[in-house]
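> Here is my input, please return the structure:
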Amino acid sequence: QLQFVESGGGLVQPGGSLRLSCTASGGTFAFYAMGWFRQAPGKEREGVSCISSSSGRTNYADSVKGRFTISRDNAKNTMYLQMNNLKPEDTAVYYCARCDLTTIHTLTNAWGQGTQVTVSS
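Below you'll find the predicted structure:
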C-alpha cells in the first residue's frame, strides 16, 4: 500500500511562495492520479488539486486556480505543489493522497503526517 511523506511547509508572508513535496513508497506511484488536500483549524479537509498518472491532466479548486501548480515526477515517486501569491486563508496542514481527478476527492483514508503551511505577516 502506498505511503506518503509530505514536506516543504513553513511560515511565509502573504504574497510569498512555497513548494511542497510528496514522496511515495510501498507501491506503484505512477499508476495513480494523485492530489493535494488541506485542512485548516476547525474546518473539514478539502481537495486542492489533482494530477493524472501521466501528468496529462490537472484539476484545481477554484480558490487556488492561477496561484498553485501541481506536478509530478514518476521516476522519483514524487509530487509537487508550487504555491504562489499565498494568502492567509491558505493556512492549513497539507496532505497528499490518491484522488479522483474530476472531483478532487480522496480515494483513501490513509493519510501521512502532513506539512504545515502558515501564511501570516
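
> Quick check: residue 109 is in a strand.
No - using DSSP: H, G, I helix; E, B strand; the rest coil, the secondary structure at residue 109 is coil, not a strand.

> any idea how far residue 59 is from it?
21 Å (Cβ to Cβ, to the nearest Å). Quick note: C-beta positions are derived from backbone N, CA and C, even for glycine.

> Name the SS class of residue 101, please.
Following three-state DSSP, residue 101 is assigned to coil.

> List the contacts of it.
Neighbouring residues of residue 101 by Cβ atoms under 8 Å, 6 or more residues apart in numbering: 33, 50-52, 57, 59.

> Looking at the residues you listed, which one is closest to residue 3?
residue 33 (16.9 Å; Cβ to Cβ).

> What does the pLDDT read for that closest one?
Turning to residue 33, the model gives it a pLDDT of 96.

> center of this protein - which residue?
The centroid of the chain falls nearest to residue 36 when counting by Cα atoms, centre = their mean (2.3 Å).

> Give me the nearest residue to that one, chain neighbours excluded.
Take residue 36 and drop its neighbours on the chain: the residue closest to it by Cβ to Cβ, 6 or more residues apart in numbering is residue 48, 4.3 Å away.

> Can you tell me the element the one you found falls in?
Per DSSP states H and E: residue 48 is located in strand 46-51.

> Over that strand, what's the mean pLDDT, rounded is fine.
Mean predicted lDDT for strand 46-51 stands at 97.

> Render the CA-only coordinates of that strand in PDB, please.
Listed next in PDB are the C-alpha coordinates belonging to strand 46-51 (Å, rounded to 0.1, in the frame of the first residue of the first chain):
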ATOM      1  CA  GLU A  46     -10.700  19.800   1.300                       C
ATOM      2  CA  GLY A  47      -9.200  18.900  -2.100                       C
ATOM      3  CA  VAL A  48      -6.800  21.400  -3.500                       C
ATOM      4  CA  SER A  49      -5.500  19.900  -6.700                       C
ATOM      5  CA  CYS A  50      -5.300  16.600  -8.500                       C
ATOM      6  CA  ILE A  51      -3.000  15.300 -11.300                       C
END
